[in-house]
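Colleague: my questions are about this predicted structure, shown below with the sequence.
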Amino acid sequence: MIKRLFDILSSLVGLVILCPILFIISLVVVSTSRGGVFYTQIRVGKNSKEFKLLKFRTMKPDSDKSGQLTIGDNDSRITGVGTLLRKFKLDEIPQLLNVIKGEMSIVGPRPEVPKYVNLYSKEQLKVLSVRPGLTDLASIEFINENEILGNSENPEKEYVEVIMPTKLELNIQYIENQSFLGDIKLIFRTFGKILG
């Protein structure tokens, strides 16, 4: 109950404070590349319920048809503005609306696309017992995930066999030890990583 109340209040405050920035980002996105302001993608949430995750568009239209993994800053599908938005995680801000709707939390395992959730083991499916979040232990540890994949000879294999299992281990570790104070610490650690 406390976590949900914190999610709603912090998301509303965040949207109000960031409103001018959101407006500017929206204008820049639509004026510098073809396509809309936002990008939605189906992700799997709590209890395996699918929802539409919202982001500022950072790629050219229909880019996900050529793969759902982004492979570093040199991915030709990413727009010039998109590179900057991704670097500082500004493209994720619209997910505050997902939080308000109850589909996500501020802190929790990052939601995955159905394609990869279908590969989860019974143990790994535990991550679907809580609301997914904007940030988590795995997000902090793999803040440079795109660069890792960009340097890999086989990004898909690297993600499925190395990165995803490690992230899921961290997610389960979070679930088994989660606390309100722990969430606050993760939020500050996330800001520290992004700004650092």
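Modeller: Yep, that arrived.
Colleague: for Gln41, which three-state class applies?
Modeller: strand (DSSP: H, G, I helix; E, B strand; the rest coil).
Colleague: how about the strands in the protein?
Modeller: Here the chain has its strands, by DSSP state E, at 38-44, 50-56, 105-107, 133-135.
Colleague: show me which residues of the helix or strand of the chain with the lowest mean pLDDT are buried.
Modeller: Counting by mean pLDDT, DSSP states H and E, the chain has its least confident helix or strand at helix 145-150, which shows a mean of 84. Within helix 145-150, the residues scored as buried using 16 or more other CB atoms under 10 Å are Glu145, Asn146, Ile148, Leu149, Gly150. Bear in mind the C-beta positions are built from the backbone N, C-alpha and C, glycine included.
Colleague: show me what that helix is packed up against.
Modeller: Contacts defined by 3 or more CB pairs under 8 Å, 6 or more residues apart in numbering; DSSP states H and E place helix 145-150 against helix 155-158.
Colleague: tell me the buried residues in the helix it packs on?
Modeller: Using 16+ other CB under 10 Å as the test for burial, helix 155-158 gives Pro155, Glu158.
Colleague: report the mean per-residue pLDDT for that helix.
Modeller: Helix 155-158 carries an average pLDDT of 90.
Colleague: could you do stretch 177-189 as well?
Modeller: Mean predicted lDDT for stretch 177-189 stands at 94.
Colleague: if you count neighbours, what's buried in it?
Modeller: Residues Gln178, Asp183, Leu186, Ile187 are the ones in stretch 177-189 that count as buried (16+ other CB under 10 Å).
Colleague: what does stretch 43-54 give?
Modeller: Arg43, Val44, Gly45, Lys46, Phe51, Leu53, Leu54.
Colleague: quick check: the first one touching Lys55?
Modeller: No: checked against CB atoms under 8 Å, the pair Arg43 and Lys55 is beyond contact range at 10.6 Å.
Colleague: isn't Arg34 up against Ser63?
Modeller: No: under the criterion of CB under 8 Å, Arg34 is not in contact with Ser63, lying 11.7 Å apart.
Colleague: neighbour count winner among those two?
Modeller: Ser63 (20 against 9; other CB atoms under 10 Å).
Colleague: give me the pLDDT value at the nearest residue to Ile175 once chain neighbours are set aside.
Modeller: Leaving aside its sequence neighbours, Ile175 sits nearest to Val130 (CB to CB, 6 or more residues apart in numbering; 5.8 Å). We have a pLDDT of 97 for Val130.
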